[in-house]
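*Asks:* Provided below are the primary sequence and the corresponding predicted coordinates.
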Amino acid sequence: MKQDIQGHVFNDFDPPATTDGSYRGVKHHSDETNKHYQMKLEVKLVQINQRLKDGKTKVSLEITGNAIQLRATLPIKPDDTSANGKNTKQYKISLGIPANFDGLKTAEEEAYELGRLIARKIFVWNDKYLGSQATKNQNITFREFYNQLESRYFEKRKRNMKSEHSFHSLRYSFHKSLINDEIINLENLRKSILSVDEPYTRNKTIRACDYICKELGLEFKFNDLKLKQVPKTRNIPSDRIIVESLSLLNDRITKISRYGASTIPKNKAMQFIYKLLAIYGLRPREVINKPDLDWLMSLENKHNTFKVHESNKTGYREVFPFVPDWIELFDLKNDIDGCQALKLFCSWKNERQLTDKVSIVSKYFLASKLSFVPYDLRHACAIRAHLQGIPLKVSADNLGHTVDEHTKTYQRHFGLENRRLAFEQKFKEINQVETLKDENTRLRKEIAELKLEVARIKLETQI
């Protein structure tokens, strides 16, 4: 069925880019995907109800929340009464059928079965129709849910690189306390969350529990269990440190080359990645996920832009260099060996391999004794753009996020040294303005004096 979902539900759907990876952007992506899915589900529901009607089956289906219910006129339920004195009444029957395409198939079969019982006048209220079966279907264990996680997730999403990445992120949120044989209920969910003390992991566990509740139609909230995360202090490198750190990578290549030529390509690739991150402020994933390196190195690329592939986090964009001078300083366009090495490094077959490649970049920075992580080069570009006076919208578009996200990023990591530079730059601008004002006043005075001199000379000439 999963293959049918991807082929028939999402074949005409192109998920929007998240725009910036922020909550608002991700929510827009999620809402649009869910809207498309619900539309397709509703179309299928209408088709099934029409088939039931054409077959004179006196049962219809309707979706309520996350479940599909059977609606039919039936004999009065035990311990129930009819307001109009009739011995029949319209009921909605819950059989614990989830509101998805597999569920619609099951519900249609159940509707035909119930319709036959009604037509033959042999329907009786039993545990199944009284709701015991629905309750039983909710008694799912954490382990059972975890084993169904992949099929549940892609039941409602188009399967592509972005959704694969999001799925693996969700799967990693399932802490070991969420993979056991206990029944999923409020008490056990809260117990699982409280077993985690570290703020980041606790909040990831809450995310997993929120997903469980959404899937099972459980209206539980865990906001009171969230822990405040203290943002890590980042030591954003200065331009001088970024330039000097490239020599550390050169030294590493020199040292490693003694172990054989086979080790050189990977190190050359890492060096080339470093240059791209420093110059363009890219996300590490954008450098590895289908980079257009032929365009980057081509003579037609007059403005030295880098093209980010559409399958990345925020879709396609063309990035201008934040520090054009570094293209020449780092000899980027002539680094053919580095470019070829990166092409080899960028070969991967699935989302897991891509994620592993991104992780390798971070580990390489650490092994090379760099004083910062790959993402710090991106933050450095955001801060540098602000100090250079580049309009917020321009620099935000270049980085691939919104103005709000851009502002939040550089404010969060705007260190003491950058504040000093910002003040000095502003004071310098103020001093320049004051100097120009003084110069303007002096020139006005000189012009006035010259006009008087010209008038005096004219007067003397006339005399």
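*Replies:* Yep, it's here. In this text, all values refer to a predicted model and were calculated from it rather than measured experimentally.

*Asks:* what stretches of the stretch 201-350 of the chain score poorly on pLDDT?
*Replies:* Under the criterion pLDDT under 70, the flagged ranges of the stretch 201-350 of the chain are 260-263.

*Asks:* Show me where the stretch 51-200 of the chain has its helices.
*Replies:* 101-119, 127-130, 132-138, 142-155, 161-172, 186-194, 199-216 (DSSP state H, counting those that start in this stretch).

*Asks:* Which stretch among those helices approaches Leu293 most closely?
*Replies:* helix 161-172 (18.4 Å; C-beta to C-beta). The C-beta positions use only the backbone N, C-alpha and C, and glycine is treated the same way.

*Asks:* Can you show me the strands along the stretch 201-350 of the chain?
*Replies:* Assigned by DSSP state E, counting those that start in this stretch, the strands in the stretch 201-350 of the chain fall at 306-308, 317-319.

*Asks:* on contacts alone, who are the packing partners of the first one?
*Replies:* The contact analysis (3 or more C-beta pairs under 8 Å, 6 or more residues apart in numbering; DSSP states H and E) places strand 306-308 against helix 293-297, strand 317-319.

*Asks:* what does the last one give?
*Replies:* The criterion is 3+ C-beta pairs under 8 Å, 6+ apart, and the helices and strands that strand 317-319 contacts are strand 306-308, helix 392-399.

*Asks:* So in that sheet, which strands flank it, and in what orientation?
*Replies:* In the sheet, strand 317-319 lines up against strand 306-308 (antiparallel) (DSSP bridges).

*Asks:* outside of the strand it pairs with, which residues touch it?
*Replies:* Outside strand 306-308, the residues that touch it by C-beta atoms under 8 Å, 6 or more residues apart in numbering are 276, 280, 282, 286, 291-292, 295-296, 314-319, 321, 400.

*Asks:* Can you say which of these are buried?
*Replies:* Burial by neighbour count, 16 or more other C-beta atoms under 10 Å: within the contacts of strand 306-308 this picks out 276, 280, 282, 286, 291, 296, 314-315, 317, 319, 321, 400.

*Asks:* and of the residues you listed, the nearest to Leu52?
*Replies:* Gly315 (42.2 Å).

*Asks:* sorry, back to before: show me the two of the contacts of strand 306-308 that sit farthest apart.
*Replies:* Gly315 and Pro321 (20.2 Å).

*Asks:* For the closest residue to Glu219 other than its chain neighbours, give its distance to Lys221.
*Replies:* In space, Glu219 comes closest to Cys213 once its chain neighbours are excluded; the distance is 7.2 Å by C-beta to C-beta, 6 or more residues apart in numbering. Separation of Cys213 from Lys221 (C-beta to C-beta, to the nearest Å) stands at 8 Å.

*Asks:* which of these two has more neighbours?
*Replies:* Cys213 (18 against 10; other C-beta atoms under 10 Å).

*Asks:* Go through stretch 316-333 and flag the buried ones.
*Replies:* Judged by neighbour count using 16+ other C-beta under 10 Å, the buried positions of stretch 316-333 are 317, 319-323, 326-327, 330, 332.

*Asks:* Pull the most distant pair out of those.
*Replies:* Arg317 and Phe330 (21.9 Å).

*Asks:* sorry, back to before: any idea which of the strands of the stretch 201-350 of the chain gets closest to Gln340?
*Replies:* When the strands of the stretch 201-350 of the chain are compared by C-beta to C-beta, strand 306-308 sits nearest Gln340, at 16.9 Å.

*Asks:* Quick check, Ile68 in contact with Asp102.
*Replies:* No - the pair Ile68 / Asp102 is not scored as a contact, 10.3 Å apart, by C-beta atoms under 8 Å.

*Asks:* how about Leu248, what does it touch?
*Replies:* Shown in contact with Leu248 (C-beta under 8 Å, 6+ apart): 368-370.

*Asks:* Just among these, which is most surrounded?
*Replies:* Leu370 (21 neighbours).

*Asks:* Let me know the helix or strand that that residue is in.
*Replies:* Leu370 belongs to no helix or strand when assigned by DSSP states H and E.

*Asks:* And the pLDDT at it?
*Replies:* Leu370 carries a pLDDT score of 93 in this model.

*Asks:* give the contact list for it.
*Replies:* By C-beta under 8 Å, 6+ apart, the residues touching Leu370 are 245, 248.

*Asks:* how near is it to Ile288?
*Replies:* From Leu370 to Ile288 the distance is 18 Å (C-beta to C-beta).

*Asks:* Also Asn34?
*Replies:* 30 Å.

*Asks:* One more: Leu459?
*Replies:* In terms of C-beta to C-beta, Leu459 sits 81 Å off from Ile288.

*Asks:* between these two, who's got more neighbours?
*Replies:* Ile288 (23 against 9).

*Asks:* Touching, that one and Ser359? I think so.
*Replies:* No - contact criterion C-beta under 8 Å: Ile288 and Ser359 do not qualify, at 10.4 Å.

*Asks:* Please save the CA atoms from stretch 219-239 in PDB.
*Replies:* C-alpha atoms of stretch 219-239 as PDB (Å, rounded to 0.1, in the frame of the first residue of the first chain):
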ATOM      1  CA  GLU A 219      -5.500  14.700  23.200                       C
ATOM      2  CA  PHE A 220      -2.600  14.800  25.600                       C
ATOM      3  CA  LYS A 221      -0.300  17.800  26.000                       C
ATOM      4  CA  PHE A 222       3.200  17.900  27.600                       C
ATOM      5  CA  ASN A 223       4.100  21.600  27.600                       C
ATOM      6  CA  ASP A 224       4.500  21.500  31.400                       C
ATOM      7  CA  LEU A 225       7.300  18.900  31.100                       C
ATOM      8  CA  LYS A 226       9.500  20.900  28.700                       C
ATOM      9  CA  LEU A 227      12.900  22.000  30.000                       C
ATOM     10  CA  LYS A 228      14.500  25.300  29.000                       C
ATOM     11  CA  GLN A 229      17.500  24.900  26.800                       C
ATOM     12  CA  VAL A 230      20.400  27.200  27.300                       C
ATOM     13  CA  PRO A 231      21.900  28.000  23.900                       C
ATOM     14  CA  LYS A 232      25.500  27.000  23.500                       C
ATOM     15  CA  THR A 233      28.000  29.800  23.400                       C
ATOM     16  CA  ARG A 234      29.700  29.900  20.000                       C
ATOM     17  CA  ASN A 235      33.100  31.300  19.300                       C
ATOM     18  CA  ILE A 236      32.400  32.700  15.800                       C
ATOM     19  CA  PRO A 237      35.800  33.000  14.100                       C
ATOM     20  CA  SER A 238      37.100  36.300  12.800                       C
ATOM     21  CA  ASP A 239      38.100  36.700   9.200                       C
END
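
*Asks:* how about it: buried residues?
*Replies:* 222, 225, 236-238.

*Asks:* Check stretch 382-399 too.
*Replies:* Applying a neighbour-count criterion of 16+ other C-beta under 10 Å, one finds 382-386, 392, 395-399 buried in stretch 382-399.

*Asks:* now that stretch, how far from the centre of its chain.
*Replies:* 21 Å (C-alpha atoms, centre = their mean, to the nearest Å).
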